[in-house]
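> Okay, structure incoming, though there's no sequence with it:
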């Protein structure tokens, strides 16, 4: 799994227990999956259609740094299915795993549009 983004857990990211608020973490994940999909599919019109079971395994505290990792599960005709893991860089523990998130490529009309992609492409290889 490739880890793409790091986030620093700040006071505004905490729940009343003093640990990372799950909703904040899910927002970070959704944003990272969208950005990854936009780059892969070369289209800014990408939406989250489905997330599989979300499994919280541990947490993070203020000052911790978390890393978001993404792997491609498969390319569909109009979609990209991704898996995700987030780990706490301070404790080395996995915080959350999501086995399948379906991101859908949209056309200008807002409807699913075939993207024609079949494999991961790196930006350096496109240049």
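Arrived safely. Note that the structure is a prediction, hence the values are computed from the model and not measured. Residues are numbered from 1 along each chain as shown.

> Please make it C-alpha for all contacts and neighbour counts, starting now.
Will do.

> ok, so what distance separates the residue nearest the centre of the chain from residue 107?
Nearest to the mean C-alpha position of the chain, by Cα atoms, centre = their mean, lies residue 33 at 3.1 Å. Distance, residue 33 to residue 107, using Cα to Cα, to the nearest Å: 19 Å.

> Next, the buried residues of stretch 101-119.
101, 102, 103, 104, 105, 106, 107, 112, 113, 115, 117 (16 or more other Cα atoms under 10 Å).

> how about these in TSV, adding secondary structure and pLDDT?
Converted to TSV, the buried residues of stretch 101-119 look like this (DSSP: H, G, I helix; E, B strand; the rest coil; pLDDT from 0 to 100):
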residue	secondary structure	pLDDT
101	strand	98
102	strand	98
103	strand	98
104	strand	98
105	strand	98
106	strand	98
107	coil	98
112	strand	98
113	coil	98
115	coil	97
117	coil	95
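
> Of these, which pair is most distant in space?
Largest separation among these by Cα to Cα: 101 and 107, giving 19.7 Å.

> what packs against the helix ranked longest in the chain?
Scanning the chain for the longest helix, with DSSP state H as the assignment, gives helix 22-41. Counting contacts by 3 or more Cα pairs under 8 Å, 6 or more residues apart in numbering; DSSP states H and E, helix 22-41 packs against strand 46-51, strand 65-75, strand 79-88, strand 94-105.

> List the strands paired with the first one, with their directions.
Paired with strand 46-51 in the same sheet, following DSSP bridges, are strand 94-105 (antiparallel).

> Please state the offset of the strand it pairs with from the chain centre?
Distance of strand 94-105 from the chain centroid (Cα atoms, centre = their mean, to the nearest Å) equals 6 Å.

> Tell me, how many residues neighbour residue 16?
7 (other Cα atoms under 10 Å).

> what's the spacing between the residue nearest to residue 58 when sequence neighbours are not counted and residue 115?
Once flanking residues are discounted, residue 58 sits nearest to residue 95: 4.5 Å by Cα to Cα, 6 or more residues apart in numbering. Distance of residue 95 to residue 115, given as Cα to Cα: 32 Å.
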